[in-house]
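**Student:** Any chance you can model this:
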Amino acid sequence: MTTDQETRPPAAARPVRWAADTVATMREGARLRLDYSASSLWPVDRMIDDLRQEDTPYAAVESVLRGFGAYAGEVIVRQTDAEWWEADGHHWIRTAKGRLWDPIDEARRRFAGDGSLRLLCRDATTDAPEPRDRQPRQGPSGSTAPATT
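**Tutor:** Predicted coordinates for the structure are as follows:
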């Protein structure tokens, strides 16, 4: 019998680990239980807001933001037929309709005062069109990937 982890594409290995580390860290350090549900992204967005409001230097939270973004990506993967894609060290979520979403960059955008992991999850799980300020750009092999800011 194989586990879900064993049957996932190789591109998922790193972001799945980042997400699991974030879940463990939040459980132990912040006493916050993250359960991979869409509603669990509300407190994640708020935690990123708190880091920004405390004027935390980006360099000090870069890996934390990566973990939060990977966690949001895992929420999307677990709720849909999406899968992780990787090119040149950059990780995206690809939905069944072929749309690429960048939850790790969305966590960085939230820290900068724009973006929302909760709304990204909502849009990706409904496969809604990209908001005007987040129009797709060309990704690996000519695929459409979300624009970064």
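**Student:** number of nearby residues for A13?
**Tutor:** When neighbours are counted by other Cβ atoms under 10 Å, A13 registers 13. Heads up, the C-betas are built off the backbone N, CA and C, glycines and all.
**Student:** what helix or strand is it on?
**Tutor:** Using DSSP states H and E, the element containing A13 is helix 13-29.
**Student:** what's in contact with the very next helix or strand once past that helix?
**Tutor:** Using DSSP H and E, the helix or strand that follows helix 13-29 in sequence is helix 41-53. Residues from elsewhere that reach helix 41-53 (Cβ atoms under 8 Å, 6 or more residues apart in numbering): 26, 30, 32, 34, 61, 64-65, 68, 71-72, 75, 107, 110-113, 116-118, 121.
**Student:** switch the cut-off to 7 Å
**Tutor:** Residues outside helix 41-53 that contact it (Cβ atoms under 7 Å, 6 or more residues apart in numbering) are 32, 61, 65, 68, 71-72, 75, 107, 110-111, 113, 116-118, 121.
**Student:** now stretch 64-74
**Tutor:** With contact meaning Cβ under 7 Å, 6+ apart, stretch 64-74 is reached by 15-16, 18-19, 21-23, 34, 36, 41, 44, 48, 84, 93, 103-108, 111, 117, 120-121.
**Student:** Only the buried subset of these, as a ChimeraX command please.
**Tutor:** Applying 16 or more other Cβ atoms under 10 Å to those, the buried members can be selected in ChimeraX as follows:
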select :15,16,18,19,22,23,34,36,41,44,48,84,93,103,104,105,106,107,108,111,117,120,121
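**Student:** most neighbours, which of the contacts of helix 41-53?
**Tutor:** A72 (32 neighbours).
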